[in-house]
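Sharing a model prediction with you, sequence too.
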Amino acid sequence: MSTSKKNKPKLLIEWCHHKAAKFAVLNWHYSKRMPTGKLVKLGIWEDDQFIGAVLYGWGATSALVKQYGLRQDEGCELVRIAMRNHQTPVTRIVSITLKKLKRLCPGLRLVVSFADPDQNHMGVIYQAGNWIYSGRSQASDEYIYRGRRWQGRSFRNSFKQMEKHPDVKIVKGSSKHRYLMPLDSEMRTKILSYKRSYPKRATSKDNVASIDQIEEDGVNPIVALQ
């Protein structure tokens, strides 16, 4: 959504409580699921109104950045962009959160994110933000249980030793578009060999959000990804 400079909203992006991040994910992200594990949670406010959150975490697998010659603590995944209607471009919001993430975790060198074509996502916000596209991920097993579809890691964390339960159905997940954002020039040079042409742009749900409003939870520092 574009806006004139005169009507440009006052933007604040700061660390937020778990409660605020969870509200954003449950209400404004298509998955309706809060990621597990250690997270960096950044809240977004326009004109003092809470409009969403951006979350970074270790991602779905410990091998997320191993193929790029990095240790697990040198990379992370952008796991959620959960926003209601807003005026600030998503690319600007993500860019600001990346800068804050780098200051908070100076050892980080690479951020990975995925766009799910099964949700009609092509990663247009990453393309606009000059992320490096490296192709599609390998499809992994997912689980259907109690009428709900779960990603592998999320299911195993929620239901220990339940993979072979008779009420659990194992299905093949989607192959997702993978985008890379290097956090230093050396890392950018190193991963250029993975660069592929961007997938064809299509109507995307990346910017779809609820019109509900909320004024809840202030700014609060959190622990870094360590």
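Cool, the structure landed.

Doesn't residue 190 lie inside a helix?
Yes. Applying DSSP: H, G, I helix; E, B strand; the rest coil, one finds residue 190 inside a helix.

Around it, how many other residues sit close by?
16 (other Cβ atoms under 10 Å). Any C-beta I mention is one placed from the backbone N, CA and C, and that applies to glycine too.

likewise residue 168?
So residue 168, with other Cβ under 10 Å, has 15 neighbours.

Identify the residues contacting it.
By Cβ atoms under 8 Å, 6 or more residues apart in numbering, the residues touching residue 168 are 143, 144, 145, 159, 162.

run the last query once more with 6 Å
If you count contacts by Cβ atoms under 6 Å, 6 or more residues apart in numbering, residue 168 has them with 143, 145, 162.

ditto for residue 110
Counting by Cβ under 6 Å, 6+ apart, residue 110 has contacts 65, 75, 182, 187.

By residue count, tell me the biggest helix in the chain.
helix 90-104 (DSSP state H).

what helices or strands is that one leaning on?
Judged by 3 or more Cβ pairs under 6 Å, 6 or more residues apart in numbering; DSSP states H and E, helix 90-104 is in contact with helix 124-128.

Quick check: neighbours of the next helix-or-strand element following the helix it packs on in the sheet, parallel or antiparallel?
Using DSSP states H and E, the helix or strand that follows helix 124-128 in sequence is strand 132-136. Using DSSP bridges, the strands paired with strand 132-136 are strand 177-182 (antiparallel).

where does this structure dip in pLDDT?
By pLDDT under 70, the low-scoring segments of the chain are 1-6, 59-62, 139-140, 149-157, 161, 172-173, 201-226.

in it, which spans are helices?
Counting by DSSP H, the chain has these helices, from start to end: 18-28, 90-104, 124-128, 152-158, 185-191.

Could you chop this structure up by domain?
1-136+177-226, 140-173 (automatic domain parsing).

Give me the phi and psi for the nearest residue to residue 8 once chain neighbours are set aside.
Excluding the flanking residues, the one nearest residue 8 by Cβ to Cβ, 6 or more residues apart in numbering is residue 87, at 7.4 Å. For residue 87, the backbone dihedrals (degrees, to the nearest 10) come out as phi -110, psi -30.

count of neighbours near residue 141?
So residue 141, with other Cβ under 10 Å, has 12 neighbours.

Of all the helices of the chain, which one comes closest to residue 176?
Within these, the stretch nearest residue 176 is helix 124-128; the backing value is 11.8 Å (Cβ to Cβ).
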